[in-house]
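>>> Next come a sequence and a model predicted from it.
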Protein chains: 2
Amino acid sequence: MIGLTQRDQTVLEAIITDYIETGEPVGSRTISKRGVMNVSPATIRNVMADLEEMGLLHQPHTSAGRIPTVKGLRLYLDSIMRSRQLVGSEKDRIRDALQNRPQDIAQLLRGTSRLLSQYCRQAGVVLWPKQSIASFKHIEFLRLGPFDIMVILISKDGLIHQTHIESRDEISQGELDKHSLYINELLQNVPFSRVKQRIREEMESEKALFDRLFSMALQMANHAIQYAIEDSEIYIEGKTNLLDNPEFAHVEQMRRILQAFEDKSKMIRLLDETLKASTGIQIVLGAEGELLGEWQDMSLVSAPFRRGDTPLGVLGVIGPLRMDYSRIIPIVEFTAQFLSQMLDIADEA
Amino acid sequence: MIGLTQRDQTVLEAIITDYIETGEPVGSRTISKRGVMNVSPATIRNVMADLEEMGLLHQPHTSAGRIPTVKGLRLYLDSIMRSRQLVGSEKDRIRDALQNRPQDIAQLLRGTSRLLSQYCRQAGVVLWPKQSIASFKHIEFLRLGPFDIMVILISKDGLIHQTHIESRDEISQGELDKHSLYINELLQNVPFSRVKQRIREEMESEKALFDRLFSMALQMANHAIQYAIEDSEIYIEGKTNLLDNPEFAHVEQMRRILQAFEDKSKMIRLLDETLKASTGIQIVLGAEGELLGEWQDMSLVSAPFRRGDTPLGVLGVIGPLRMDYSRIIPIVEFTAQFLSQMLDIADEA
DNA sequence: TGGTAGCACTCACCCCAAAAGAGTGCTAGA
DNA sequence: TCTAGCACTCTTTTGGGGTGAGTGCTACCA
């Protein structure tokens, strides 16, 4: 963005601020009257024409005001806007809401998502990829039918995952119980990151080589765990908040948006990207990212949370392009930070 | 409903059928032209006037056609309508959809809910109260903090429940493991209906009276199980289908409906009622039941499913008052029946 | 007495034209 | 380089007339 004078920036900022507030195209008169700079509407019009030429603004029709383009918003976010700091009471509110839900990780994450949605009046979202589960805690095999086995996997931080596998040979519950006893002992407190390796080692041990049962148990565990930790948990709360936004006042759009949410896998993929690139706060504006068709007019503010240095997951807020970023960004930032803290504590215990 | 002649019934039926199809007020001309009875519009108008006086029809404004009232719909459902039988291929479709999801109970129930929603093009719902869980299978205590304990409870049919309790004394994971070992042995395969009694017996045994640890374990288990089985699981799928109905085309209504869904407890209470009164298919029309404010213009078609003779849960379809009952009723009925069968099989295994 | 035909009447809805309002671009002047 | 003024454009609102669906009523017929 070369050649943006101070005045250009001020005008752009004023337009975006106003647009975020009202959702309507904003005209030169409005800006002039706002008094952030003492120039006449005509002058502002000139600046606006320049900004439009640069692709930062857009005019829905000849005699309407301007609205920012995605490019304009991006520029604003990157180099003009400065987020407001949260005051103590706001931080307290977040802290309270999270600390009062100590039940288990799943509830903590869902609670976080709900908190974000309520506080930002948009949809809140939390992604928790299973790989990040701390350590193996317990496995349980359950016989559903002669060949059908359900595997229940519990991680040390209390998340539960269940899978379903088929064994090649008929198998009794008694045998399964032996399997789980064996595996539980073997993997007690092993971090998931090392589970696979540990199983491989064991498979090559003498015991496994000569004991068909044990070898089978290992295979089943391997299978189930692999499947389990590839999965992700995603918590999306407060979707109906989005309906309050006038930009989604039309039934068509509303449906489009809500239907897009039904397919969680797309959402997961998107957030996963964010997690990989995780360098603090991230903002994806509709038309930019891999947010496809349905999401054109949405935007996502997200931040990773971590335990120590390893990122665990992502949380964020989804709403229309026109969001109060200066407020939402610090909220997302602080929530991520605080959730990280809480997970640290949970781990120590 | 005294004094409904055959002709009155025919007219009422014709009006309702047409209204269900089009969603518009229906006029005398339309009915006359439909040819179900060879009378002139004028005659039909007289009948309509009678029906309106009885409170079975309603006229939005002077020069509009009639739409059925809730009272009219109720009468129609109770004594005029006869549901169409499902043909073989329709039954097959339901069977296939359910049999291809053998994973676990939770998935089966969610799948059922989704099936109902897709097949009826409305929202599908399945309620599974925890009391109905077959038998105790496994319990696991997990130490989260010095006094915080997470309890994971697995039932024989593979549903998982987790609760969180606080112990009065500090407790180690080792002790907890002993507890779970003990409880697991004690309650192996005991039906939940008898778990409480079994625990009480054990508490009075010598072993528990003199062993503080064991007594504590029993108390914890009792606590957790009590809490767990009071809970209900509810699966609501396909909410966005409702948005296709022209009666919810207005944003206000749409939001009202969707927000009503966010509070699941109300839904659970309602379905619970249905379960208690469970004598086959049940239909609750908006203004009749305890469906409060938000649900005025909705209706629920539900049926219990059972294992053997004991009802396990309820499934159904939620949609606008104007639904194709003659189609939806047999679908709900058959699905409930077939789900019952599947659960029988699952239990035998 | 029950059914039918005719007719005047009532609304909701659509369409169109006119007016209002918001905002622009351009030009001339300080 | 900024400002004031003005003509112009385009959307939105408003109001009125026409249209059509549907009714209620009355008179008439089998």
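Nice, thanks for sending it over. The model shown is predicted, which means the values in this text are computed figures rather than measured ones.

>>> When you work out contacts or count neighbours from here on, use the C-alpha atoms and nothing else.
Noted.

>>> What are the buried residues along the lengthiest helix in chain A?
Longest helix of chain A, by residue count under DSSP state H: helix A:325-348. When neighbours are counted by 16 or more other C-alpha atoms under 10 Å in any protein chain shown, the buried residues of helix A:325-348 are found to be A:325, A:328-343, A:346.

>>> for residue A:19, helix, strand, or coil?
helix (DSSP: H, G, I helix; E, B strand; the rest coil).

>>> go on, residue A:128?
strand.

>>> same check, this time on residue A:38
coil.

>>> Just give me the neighbour total for it.
Counted with other C-alpha atoms under 10 Å in any protein chain shown, the neighbours of residue A:38 add up to 11.

>>> Equivalent analysis for residue A:266, please.
15.

>>> now residue A:217
22.

>>> Identify the residues contacting it.
Residues near residue A:217 by C-alpha atoms under 8 Å, 6 or more residues apart in numbering or on different chains: A:176, A:179-180, A:183.

>>> what do you get for residue A:8?
A:47, A:51.

>>> Quick check: phi and psi on it?
Note on residue A:8: its backbone torsions stand at phi -50, psi -50 [degrees, to the nearest 10].

>>> Same check on residue A:152?
When quoted as degrees, to the nearest 10, the phi and psi of residue A:152 stand at phi -110, psi 130.

>>> Give me the neighbour count for the closest residue to it other than its chain neighbours.
The shortest distance from residue A:152 to any non-neighbouring residue, by C-alpha to C-alpha, 6 or more residues apart in numbering or on different chains, is to residue A:162 (4.5 Å). Using other C-alpha under 10 Å, residue A:162 has 21 neighbouring residues.

>>> next one: residue A:78
Around residue A:78 there are 11 residues (other C-alpha under 10 Å).

>>> what's the answer for the one 5 residues further on, then?
For residue A:83, the count of nearby residues is 15 (other C-alpha under 10 Å).

>>> on that earlier part again, mean confidence score for the longest helix of chain A?
For helix A:325-348, mean pLDDT rounds to 87.

>>> What is the distance between that helix and the centre of its chain?
Mean C-alpha position of helix A:325-348 versus that of the full chain (C-alpha atoms, centre = their mean, to the nearest Å) differs by 12 Å.

>>> Flag every buried residue along the host helix or strand of residue A:221.
Applying DSSP states H and E as the criterion places residue A:221 in helix A:212-230. For helix A:212-230, a neighbour-count test (16+ other C-alpha under 10 Å) marks A:213-225, A:228-229 as buried.

>>> what's the average pLDDT for it?
Per-residue pLDDT over helix A:212-230 has a mean of 81.

>>> which neighbours does whatever helix or strand comes next after it have in its sheet, and in what orientation?
Going down the chain from helix A:212-230, the next helix or strand is strand A:232-237, by DSSP H and E. Partners of strand A:232-237 in the sheet, by DSSP bridges, are strand A:123-129 (antiparallel).

>>> got a list of what the residue lying closest to residue A:15 once chain neighbours are set aside touches?
Closest residue to residue A:15 apart from its sequence neighbours, by C-alpha to C-alpha, 6+ apart: residue A:26 at 6.4 Å. Residue A:26 makes contact with A:15, A:18-19, A:64-67, according to C-alpha under 8 Å, 6+ apart.

>>> Mind doing that once more with 7 Å?
In this structure, residue A:26 makes contact with A:15, A:18-19, A:65-67, judged by C-alpha atoms under 7 Å, 6 or more residues apart in numbering or on different chains.

>>> can you check residue A:280 too?
Neighbours of residue A:280 in contact, by C-alpha under 7 Å, 6+ apart: A:303-304.

>>> and what of residue A:255?
Counting by C-alpha under 7 Å, 6+ apart, residue A:255 touches B:240, B:243.

>>> Likewise for residue A:224?
Counting by C-alpha under 7 Å, 6+ apart, residue A:224 touches A:151, A:163.

>>> Report the secondary structure state of residue A:163.
Following three-state DSSP, the label given to residue A:163 is strand.

>>> do you know how far it is from DNA strand C?
53 Å (C-alpha to the nearest atom of the strand, to the nearest Å).

>>> Would you agree that residue is in contact with residue A:153?
No: counting by C-alpha atoms under 7 Å, residue A:163 sits too far from residue A:153 to count as a contact (8.2 Å).

>>> follow-up on the earlier one: which of the contacts of residue A:26 are buried?
A:15, A:18-19, A:65-67.

>>> Identify the farthest-apart pair in those.
A:18 and A:65 (11.4 Å; C-alpha to C-alpha).

>>> Using CSV, write out every CA atom in the lowest-mean-pLDDT helix or strand in chain A.
Least confident helix or strand of chain A, by mean pLDDT, DSSP states H and E, is helix A:206-210 with a mean of 73. Output in CSV follows, covering the C-alpha atoms of helix A:206-210 (Å, rounded to 0.1, in the frame of the first residue of the first chain):
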residue,chain,number,x,y,z
GLU,A,206,9.3,-61.7,22.3
LYS,A,207,6.1,-61.8,24.2
ALA,A,208,4.1,-60.5,21.3
LEU,A,209,5.8,-62.6,18.7
PHE,A,210,4.8,-65.8,20.4
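
>>> which residues touch that helix?
By C-alpha under 7 Å, 6+ apart, helix A:206-210 touches A:202-203, A:214-215.

>>> In a markdown table, list those along with distance to residue B:284.
Shown next, in a markdown table, are the contacts of helix A:206-210 (distance: C-alpha to C-alpha, whole Å):
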| residue | distance to residue B:284 |
| --- | --- |
| A:202 | 59 |
| A:203 | 59 |
| A:214 | 55 |
| A:215 | 56 |
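
>>> for the residues you listed, which one is nearest residue B:158?
Nearest to residue B:158 out of the contacts of helix A:206-210 is residue A:214 (C-alpha to C-alpha; 23.7 Å).

>>> Contacts only, for the residue in the stretch 151-300 of chain A that DNA strand D sits nearest to.
Distances between the stretch 151-300 of chain A and DNA strand D by C-alpha to the nearest atom of the strand are smallest at residue A:247, namely 12.6 Å. Taking C-alpha under 7 Å, 6+ apart, we find residue A:247 in contact with no residue.

>>> Tell me how far it lies from residue A:22.
Remark: distance between residue A:247 and residue A:22 (C-alpha to C-alpha, to the nearest Å) = 11 Å.

>>> what number of residues lie near residue A:235?
21.

>>> thinking it is in contact with residue A:129, fair?
No: if you go by C-alpha under 7 Å, residue A:235 and residue A:129 don't touch, sitting 11.3 Å apart.

>>> List just the nearest of the buried ones among the contacts of residue A:26 to DNA strand C.
Nearest member of these to DNA strand C, counting by C-alpha to the nearest atom of the strand, is residue A:65, at 3.9 Å.
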